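K.L.:
What would the 3D arrangement of this be:
(one chain, ligands or ions: 3)
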Amino acid sequence: MRRLAPVLREDGVELDLISLIRTILAACKDISFRVGQADLAGVLGSTLDENIQGETQKKLDVLSNQLLKDMLLESGFVRAIASEEEDFVVEGEHGGRFLVAFDPLDGSSNIDVNSLTGTIFSILPVPEEKMAGEPITEQDFLQPGVNQVAAGYVMYGPSTILALTTGKGVRFFTLDKTHGSFLLTQESIQIPEETQEFAINSSNQHKWEIPMQRYIRDILDGKGGIRGKNFNMRWIACMVGDVHRILCRGGIFTYPAHTDEPTKPNKLRLLYEANPMGLLVEQAGGLISTGSENILEMQPTELHQRVPVILGSKQEVKICLDYHDYKF
Ligand code: AHG
Ligand code: MN
Ligand code: MN
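P.N.:
Ligands and ions are numbered 1, 2, ... in the order given. Here you go, the predicted model:
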């Protein structure tokens, strides 16, 4: 099949990509409404099912996944999707130029307590050799994060906010619920290079490897310790919320490996959590790493692969990496 050259907007962004992002946003508007309806629509609580990763699915996980899946696969712009809530890749239209990996609802443990949740998405090109129309497989999604043509999240909080990058900086858009449109509210988002705020689930402290133990211990020593300053701690239990705070005012977020679970040491997923957040953070002047390699340059090996994550303010991430003996 012969393919037409992509049509570009003045700023160089492909028109099909813009239409695809609009499709994601249409689904997210619906998710935002349903998250807000909560008990009124009977959508709180769990289903009786588990996803492929052995996690119980909440009703809103399933609903959000279905909305995104249906709208993306019908859009004509998407060749295939991968989702936290889908065991395998699902194919869409043959003419689609893009692959979309997503976490339909991030922060599921917050759903039933009326706290922050979000949708994370990563858009990849269809590999050149598959442009002619052969079936898309898991292998085609296993591209390093630097290949992403766009990435973002929609946060369902007191307001619904989109953070978006198409590889030229990060912008925030706020959903105006009176008109139903996402309006540009902040441009050129820049993460301050230094910070005194950190985010880690410290209930897992006994499971961390020695470098992370030392890094956090020195932070907790405050002004009188080796760091010579006091830190503040925040943990939202929703990566979208923690990354949003870091994009707004800086900070470091980490979900390190757990040494007590050798077969499943990591929590966050590479393709639809770490990579899209990594592109946003790097485009806003921050850094992201596993502690031993740059996440965006990793060659993924599995669709639902999990990785340790350290991200945020550049200088602070570098200090954390010094404890891991990793030099940028
Ligand atoms: P999800 O709800 O999509 O499974 O992701 C939850 C993730 C992430 O959003 C958050 O940072 C972390 O898990 C929270 O972990 P704890 O349960 O350890 O707080
Ligand atoms: Mn998630
Ligand atoms: Mn999720």
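
K.L.:
Next secondary structure element downstream of the longest helix along the chain?
P.N.:
Longest helix in the chain, counting residues (DSSP state H): helix 15-37. Once helix 15-37 ends, the next helix or strand along the chain (criterion: DSSP states H and E) is strand 46-50.

K.L.:
Residues of the stretch 1-150 of the chain that sit close to ligand 3?
P.N.:
Glu84, Asp103, Leu105, Asp106 (CB under 5 Å from the ion). In short, each C-beta sits where N, CA and C put it, glycine included.

K.L.:
okay if I get those residues as TSV plus pLDDT?
P.N.:
Output for these, formatted as TSV (pLDDT from 0 to 100):
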residue	pLDDT
Glu84	97
Asp103	98
Leu105	98
Asp106	98
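
K.L.:
In strands only, show me these.
P.N.:
Per DSSP state E, strands hold the following members of those: Asp103, Leu105, Asp106.

K.L.:
Pull the number of nearby residues for the last one.
P.N.:
Asp106 has 30 neighbouring residues, counting by other CB atoms under 10 Å.

K.L.:
Contact partners for it?
P.N.:
With contacts defined as CB atoms under 8 Å, 6 or more residues apart in numbering, Asp106 is in contact with Thr117, Gly118, Thr119, Ile120, Tyr153, Cys238, Met239, Val240, Glu273.

K.L.:
mind running it again at 7 Å?
P.N.:
Shown in contact with Asp106 (CB atoms under 7 Å, 6 or more residues apart in numbering): Thr117, Gly118, Thr119, Ile120, Cys238, Met239, Val240.

K.L.:
and the third one, what is it in contact with?
P.N.:
Spelled out, that is Thr119. Taking CB under 7 Å, 6+ apart, one finds Cys28, Ile31, Ser64, Phe102, Asp103, Pro104, Leu105, Asp106, Tyr153, Val154 in contact with Thr119.

K.L.:
Tell me the residue of this structure that sits nearest ligand 2?
P.N.:
For the chain and ligand 2, the shortest gap (CB to the ion) falls at Asp106, measuring 3.5 Å.

K.L.:
which other residues reach whichever strand or helix holds Ala82?
P.N.:
Using DSSP H and E, Ala82 falls within strand 78-83. Strand 78-83 is contacted from outside by 20, 65, 69, 72-73, 89-93, 96-102, 104, 126, 136, 141, 271, 303, using CB under 7 Å, 6+ apart.

K.L.:
ditto for stretch 41-48
P.N.:
Arg34, Gln37, Ala38, Thr56, Gln57, Lys58, Lys59, Leu60, Val62, Leu63, Ile111, Asp112.

K.L.:
Which pLDDT value goes with the last one?
P.N.:
Right, Asp112. Among the per-residue scores, Asp112 shows a pLDDT of 95.

K.L.:
Need the buried ones from the contacts of strand 78-83 selected in PyMOL.
P.N.:
PyMOL command restricting the contacts of strand 78-83 to the buried ones, with burial defined by 16 or more other CB atoms under 10 Å:
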select buried, resi 20+65+69+72+73+89+92+96+97+98+99+100+101+102+104+126+136+141+271+303
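
K.L.:
Now, the contacts of strand 78-83 that are in strands?
P.N.:
Those of the contacts of strand 78-83 lying in strands (DSSP E): Val90, Glu91, Phe98, Leu99, Val100, Ala101, Phe102, Pro104.
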